[in-house]
Each structure stands twice: as C-alpha cells, then as structure tokens.
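Asker: below are the sequence and a predicted model for it; my questions follow.
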Amino acid sequence: MSYADEVRAYCSVHYLQPARAAGKKEIFIRAGDVHEALRYKNRMPLVCSAIGATIFSERNAVHRISVEGPLNGANTVFGFKLS
C-alpha cells in the first residue's frame, strides 16, 4: 500500500464512515490532523495531494466543496459533500 493509499484509507475509516453513520451531509478534514495521526514526518504535501485527488472523491463518493488554508500546509482544510 502506498502512502497516498494509506492516507485515503485512514480518511475513509476515521472521517467519512463515521460522518455517514451520523447522517452528516458535509465533512471537513484538516491535513495536519491526518499527518499527525499517521505519525508522518515531512509528508504534508503527500497528505494534501492524497486528500485533494480526484481518486479520493471517486472512491469515497464525495464531492469536494472547498479547500481552505495554505497550499500543502498543516492547516489546509478540505470540505466534502457526502453522497
């Protein structure tokens, strides 16, 4: 499993599935939280690209509605509409 696949799997299990179970319509994922949880060092651009990639949206049936914060930074927050 690649690092990007690991990021996408983590976000699916820890963010998207619980949000769907709770009936939420939108979810926001902060890149720094994912980076820290996976105990990465200096992989913030990878985390941001994995979350922001089209493959993430397609595999998880979500639609990206926003990206706020610095480019490839810990405080980059991705917003998604859940299908």
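Answerer: Sure thing, it's come through.

Asker: nearest residue to the middle of the protein?
Answerer: Geometric centre of the chain, nearest residue: residue 51, 4.0 Å, by Cα atoms, centre = their mean.

Asker: how about that residue, what does it touch?
Answerer: By Cβ atoms under 8 Å, 6 or more residues apart in numbering, the residues touching residue 51 are 7, 8, 11, 29, 31, 34, 78. Placement of C-beta: from N, CA and C, glycine included.

Asker: confirm it sits in a strand?
Answerer: No - counting by DSSP: H, G, I helix; E, B strand; the rest coil, residue 51 is not part of a strand but helix.

Asker: any idea how far it lies from residue 23?
Answerer: 22 Å (Cβ to Cβ, to the nearest Å).

Asker: re the thing from before, what's the farthest-apart pair in the contacts of residue 51?
Answerer: Put simply, by Cβ to Cβ the two of the contacts of residue 51 set farthest apart are 8 and 31, 12.8 Å from each other.

Asker: what about the two, which has more around it?
Answerer: Per other Cβ atoms under 10 Å, whichever of residue 8 and residue 31 has more neighbours is residue 31, with 28 against 21.

Asker: hang on, that one packs against residue 76?
Answerer: Yes - proximity of residue 31 to residue 76 meets the contact threshold set by Cβ atoms under 8 Å, at 4.5 Å.

Asker: what do those two both touch?
Answerer: Contact criterion Cβ under 8 Å, 6+ apart; residues shared by residue 31 and residue 76: residue 48.
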